[in-house]
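Colleague: what's the 3D shape of this:
(one chain, ligands or ions: 1)
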Amino acid sequence: MNIKKLAAEKAVDWVEEGMMVGLGTGSTAAYAIEKIGERVKQGLHIRAVATSVQSENLAREWSIPIIPFAEVGEIDLTIDGADEVDPNLNLIKGGGGALLREKIVAARSRQVMIITGENKVVQKLGAFPLPVEVVTFAHEWTIEKLASFGCKPVLRQTKDGDVFKTDNGNYTVDCHFNVIEDAARLHHQLNNIPGVVDNGLFINMASAVVVAYESGVIEVLR
Ligand code: 5RP
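Modeller: Predicted structure coming up:
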């Protein structure tokens, strides 16, 4: 059972004619983009804004009209994946390296629909290393400050061993906390460190989470 695909395709049922749609990033979001693309080929008219170059390229392959963020008014619906989801629908995102644009697009959206498999639903966030986007200047010092919050920070690398750069030209530090007791507090604390651009905690941003189970059942958490 491909639970990512199942959740993604279900969420696309919420896409309606004329909408401005936010396109997430990652393998689950890619299934949603492809499904939207199929519907566009069948005559659905939407406009979309992408949360990464990767998603923009995929959307263009499917002839989904992409609008630059500067020309986007309010976004009706954003569909995006997540790395972890807690019972309050708070999230860890950024495993795919796109947390900053994802958070900006989510903040501009009337509805944010998260799509995920059952394996990413947790009682407490933090087993998944929290991605933090940092500017390249003085990143060594920023990483020291991140460590002072009790995590093991790891500067993200590509498969070839180069330092990974986001679409915004920044670095990503994956912070291994194991468990995050107070996600809202940590979100503010980390964003107060000079050099941190944003972190992958999405607090009170998800309107709904579509969870697909190996059994084939789909649940919508609100
Ligand atoms: C990208 C993200 C992704 O939504 C998250 O990493 C989940 O990815 P996938 O769907 O490939 O498991 O936040 O920055």
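
Colleague: only C-alpha atoms for contact and neighbour calcs from this point on.
Modeller: Noted.

Colleague: right, is the longest helix that the chain contains up against the ligand?
Modeller: Identified as the longest helix of the chain according to DSSP state H is helix 27-41. Yes: shown here: helix 27-41 in contact with the ligand (C-alpha under 6 Å from any ligand atom) through Ser27, Thr28, Ala29.

Colleague: ok, the second one - how many residues close by?
Modeller: Put plainly, it is Thr28. 25 (other C-alpha atoms under 10 Å).

Colleague: how far away is the residue lying closest to Lys165 once chain neighbours are set aside from the ligand?
Modeller: What sits nearest to Lys165 in space, not counting adjacent residues and going by C-alpha to C-alpha, 6 or more residues apart in numbering, is Tyr171, at 5.0 Å. Distance of Tyr171 to the ligand, computed by C-alpha to the nearest ligand atom, to the nearest Å: 13 Å.

Colleague: what sits against Lys145?
Modeller: The neighbourhood of Lys145, defined by C-alpha atoms under 8 Å, 6 or more residues apart in numbering, consists of Ile193.

Colleague: Heading C-terminal from the longest helix of the chain, find the next helix or strand.
Modeller: Beyond helix 27-41 in the direction of the C-terminus, DSSP states H and E gives the next helix or strand as strand 47-50.

Colleague: which other helices and strands contact the next helix-or-strand element following that next one?
Modeller: Per DSSP H and E, the first helix or strand lying C-terminal to strand 47-50 is helix 53-61. Counting contacts by 3 or more C-alpha pairs under 8 Å, 6 or more residues apart in numbering; DSSP states H and E, helix 53-61 is packed against helix 27-41.

Colleague: Kindly export the helix it packs on (C-alpha atoms) in PDB.
Modeller: Included here for helix 27-41 are C-alpha records, laid out as PDB according to Å, rounded to 0.1, in the frame of the first residue of the first chain:
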ATOM      1  CA  SER A  27       7.600  12.800  -2.100                       C
ATOM      2  CA  THR A  28       4.100  13.000  -0.700                       C
ATOM      3  CA  ALA A  29       3.400  16.400  -2.000                       C
ATOM      4  CA  ALA A  30       4.700  15.300  -5.400                       C
ATOM      5  CA  TYR A  31       1.900  12.700  -5.600                       C
ATOM      6  CA  ALA A  32      -0.600  15.600  -4.900                       C
ATOM      7  CA  ILE A  33       1.000  17.700  -7.700                       C
ATOM      8  CA  GLU A  34       0.700  14.800 -10.100                       C
ATOM      9  CA  LYS A  35      -2.900  14.300  -9.200                       C
ATOM     10  CA  ILE A  36      -3.700  18.000  -9.600                       C
ATOM     11  CA  GLY A  37      -1.900  17.800 -12.900                       C
ATOM     12  CA  GLU A  38      -4.200  15.000 -14.100                       C
ATOM     13  CA  ARG A  39      -7.200  17.100 -13.100                       C
ATOM     14  CA  VAL A  40      -5.800  20.100 -15.000                       C
ATOM     15  CA  LYS A  41      -5.400  17.900 -18.100                       C
END
